[in-house]
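**Q** Sharing a model prediction with you, sequence too.
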Amino acid sequence: MDALGRDDGALAARHLDALLKLAPDNPDVRAMRGIAANRVGDFARAARDLGVAVRAYGVPRPDTRDAFNEYALALRGVDDNDAAEQVLRDLVACESDFGAAWHNLAMVLHARGALDEAVAAARRSVAVRSDNPGALMLLGKLLREQGRLLASRAALLRARTLAPDDVSIETTLGNTLFYLGEIDPALGCFRRAAELFPDEAILHSNYATMLTHCRRYDEAIAEHEKAFALDPTNPDVVVRRAALLLNVGRLADGWRAYDARLDVEPTSRRWRGTPEWQGESLSGHTLCVYREQGIGDELMFASMYDELAAGAARTIVECDPRVHTLFARSFPGIEMREQTEAGNEPSAQHGEADVVVAAGSATQHLRTDLRAFTGTPWLYADAHAVARWEGRLAHDVGAAPYVGISWRSMIRTSERRLEYTRLDEWAPIMRHARDGAIRLVLLQYDECEREVVEAEARFGVRIHRWPDLDLKDDFDGVAALLRALDLVIAPRNAVTMLAGALGVPTLAIGNVGDWAECGTGQLPWFASVECINRRVDSSWEPVLAEVGER
C-alpha cells in the first residue's frame, strides 16, 4: 500500500476498510489494516486485526514476520507486555536475523525491569544491523542504565557517526559523557543539540540543566529563558527553570516560577472548585493544605504548617497515610487527614475549606527571604517509642554512639550516580565502625540486604537492623529510632528530611547546587543538617573522606 509506505495510516485505513468488505478473511489485508491502525495510535484495533492475521499465518516466515512484529507493537500499545514478549520471542526463534524484532524485544524486556536480558536482546539487534543508528542508540541507553558507561559511550559514538544530526543520539551521548565525568564534551553535545533545533524548548532546557550542574549559572539562566519563551507550558521547562532561580538565591522569583508547575501539571492540583490561597489574610477562614510532592518534599514543606495554622481559624492538612500518625502528634492544632482520591475531580469543591493551597505553593508567601528559615524542628516522635529504642540499642548493639546510615534513593540507575554513593565506597566511615568507635544502624529503606552483607564482609563491620521495623512505610517507628541515634549519614532522601525535621544531627551527602539549598550551599530548612557537597566534575571520594573525618 503506497499510503502505508508514506506512513499515512489514516488514508491507508480508509482504503483497507473498503478491501476488507470484499475480502474479510484475507490475512494480508487484515495485517495491513492492523499496521495502519498502529500508525495512527489505535492499538486496540491494531491488536485485533493483527491477531487475526498472525493466527492465520501460524508460524512466522520472512514474508509475514513484519505482521508479527507489528502485532507485538500493538500489544505493547495496549499494555499487554506479557503477550508482546511471547510474540517477539517466538518471532526471533524463527527469524533470528530480524533486527527490528530483537530491538522491540529489548524494549519490552526493559519495560518489565529485565535489564540484563534487554541488553542481550539489544546486542542481537545491533549484531544483525550494525549500521542502524537507532539500534545502537537503544543499546547505548540500556548499557548506561546497566552502569556500563564506557560500553555505552562506544555504542553511542558509533550511532552518532552514522547519524550525525540525530538530536536524540546527541543528547543520549551527552548524558553518558556527563555520567563519565567528561563534562566539556557532554556540554558540547547538549549545546549542539540546541543549535540543531533552536526552536525546541526542551533542548535548551536540557542544556541549561547541565550548565547548572557545572555552576555556570549565567549561561544556564540564558538557556532557561530561551526554553521558557519557546514553551512556557512544558512541565520540565517550568520546573527546571524554577530550580535554577532557587539555586542562585532568587527566592521570590524561584517560588513564583515553581508554583507554575500546577498550571502545567493539572493532575497535581486538587480541589479546583475551591479558591486557591494567594497569601491574603486567613483570619476567620478555613484553610486546606494538600500534598502533591514526594514524601521527602512533603516532610520539608511541613515546616510551614504551624505558620499557616497560626493565621487561620481552622486548618486541615491532607497528608500521605504513612506520616499521618507522626503529623497528627506533631501538629495537634491541625486537623490531619490521610489524602484520598476525593478532590482530584476537575471541578471538585472542598466541603469545609474556604481556600486551599498545595504545600509546595505556600513557599511563595512564607519563604521568600532566608531569614524566614528558622530550622527549628517541627516533628516529634513518640516519647515512649524513643525510650524503647534507646533500651533496644543498648541491649542489642552496645554502647553509643549510634550512627544511622542510608546511601541512596530507591531508584537505582547509572544516572543516580550523579546524586548517590555506593555502600562499598564508604571505607572512610566503615573504619570507625570496625575500630568500635561508632555503631552502625541501617536506615536504607529498600531492598538492600545483599549490599549490607557484602559491606559487612568487606569492611569487617556489623550494620545493625531489625526485621520488625518497616523502614520504608512505618515513618512513626523510624522517627522514634532516629531520635534514639546520635548521628545520621544519608543523601538528600527521605531519611535526611525526616531526621532534619526531628532535629537529629545529620550529615547530608549530595551535589552542590540542589534547589532546596536556596543558594546557601546548605539546607536552610533544617538546623541540625549539615551538607557535605561535591562538584559533579569530581568523585565522591573526598566527600566520603570528609564525612569520615567529621
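**A** Here it is on my side, so go on.

**Q** List the buried residues for the helix or strand harbouring K226?
**A** Element membership for K226, per DSSP states H and E: helix 217-230. Residues of helix 217-230 classed as buried by neighbour count (16 or more other CB atoms under 10 Å): 217, 220-221, 223-224, 226-228, 230. Heads up, the C-betas are built off the backbone N, CA and C, glycines and all.

**Q** got those residues as CSV, with distance to G249 and pLDDT columns?
**A** CSV is the format used below for the buried residues of helix 217-230 (distance: CB to CB, whole Å; pLDDT from 0 to 100):
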residue, distance to G249, pLDDT
Y217, 10, 93
A220, 14, 96
I221, 12, 95
E223, 19, 97
H224, 15, 96
K226, 22, 97
A227, 21, 97
F228, 19, 96
L230, 26, 97
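
**Q** what sits against Y57?
**A** When contacts are counted by CB atoms under 8 Å, 6 or more residues apart in numbering, Y57 touches 27, 64, 67-68.

**Q** how does it look with 6 Å?
**A** 27, 64 (CB atoms under 6 Å, 6 or more residues apart in numbering).

**Q** For it, give me phi and psi.
**A** Main-chain torsions, Y57, degrees, to the nearest 10: phi -70, psi -40.

**Q** Next one: it from R33, what distance?
**A** The gap separating Y57 from R33 is 15 Å, by CB to CB, to the nearest Å.

**Q** re the thing from before, how far does the helix holding K226 sit from its chain's centre?
**A** The chain centre lies 23 Å from the centre of helix 217-230; the measure is CA atoms, centre = their mean, to the nearest Å.

**Q** From the contact counts, what lies against it?
**A** Here helix 217-230 touches helix 201-213, helix 235-247, going by 3 or more CB pairs under 6 Å, 6 or more residues apart in numbering; DSSP states H and E.

**Q** Adding mean neighbour count, mean pLDDT and distance to F178, write these out as TSV.
**A** Formatted as TSV, those follow (neighbours: other CB atoms under 10 Å; pLDDT from 0 to 100; distance: least, CB to CB, whole Å):
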stretch	mean neighbour count	mean pLDDT	distance to F178
helix 201-213	24	94	6
helix 235-247	22	93	15
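
**Q** which one of those helices lies closest to P321?
**A** Among those, the nearest to P321 by CB to CB is helix 235-247 (25.6 Å).

**Q** so after that closest one, what's the next helix or strand?
**A** Next element after helix 235-247 (DSSP H and E): helix 251-259.

**Q** Flag every buried residue along the very next helix or strand once past that following helix.
**A** Moving toward the C-terminus from helix 251-259, the next helix or strand (DSSP H and E) is helix 261-264. By neighbour count on 16+ other CB under 10 Å, the buried set for helix 261-264 is 261-262, 264.

**Q** ok, residues contacting the next helix or strand after helix 261-264?
**A** Using DSSP H and E, the helix or strand that follows helix 261-264 in sequence is strand 286-290. With contact meaning CB under 6 Å, 6+ apart, strand 286-290 is reached by 270, 312, 314-318, 350, 352-357, 359.

**Q** Try it again at 10 Å.
**A** With CB atoms under 10 Å, 6 or more residues apart in numbering as the test, strand 286-290 has contacts from 268-271, 274, 277, 301-302, 304-305, 308-309, 311-319, 334-335, 337, 339, 343, 350-359, 361-362.

**Q** gap between that strand and the chain center?
**A** The answer for strand 286-290 is 27 Å, by CA atoms, centre = their mean.

**Q** Neighbouring strands - and their directions - for it?
**A** strand 314-319 (parallel), strand 355-358 (parallel) (DSSP bridges).

**Q** Kindly reformat those as TSV and extend each row with mean pLDDT.
**A** TSV is the format used below for the strands paired with strand 286-290 (pLDDT from 0 to 100):
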stretch	mean pLDDT
strand 314-319	98
strand 355-358	98
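
**Q** Just send these back as a markdown table, with distance to T161 and mean neighbour count too.
**A** Below are the strands paired with strand 286-290 laid out as a markdown table (distance: least, CB to CB, whole Å; neighbours: other CB atoms under 10 Å):
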| stretch | distance to T161 | mean neighbour count |
| --- | --- | --- |
| strand 314-319 | 52 | 22 |
| strand 355-358 | 47 | 23 |
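
**Q** To L245, which of those lies closest?
**A** strand 355-358 (18.3 Å).

**Q** could I have the helix or strand that the closest one is followed by exported to PDB, CA atoms only?
**A** Toward the C-terminus, strand 355-358 is succeeded by helix 363-366 as the next helix or strand (DSSP H and E). Extracted in PDB, the C-alpha atoms of helix 363-366 (Å, rounded to 0.1, in the frame of the first residue of the first chain):
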ATOM      1  CA  THR A 363       6.600  28.800  49.900                       C
ATOM      2  CA  GLN A 364       6.000  31.800  47.600                       C
ATOM      3  CA  HIS A 365       4.200  33.500  50.600                       C
ATOM      4  CA  LEU A 366       6.300  32.200  53.500                       C
END
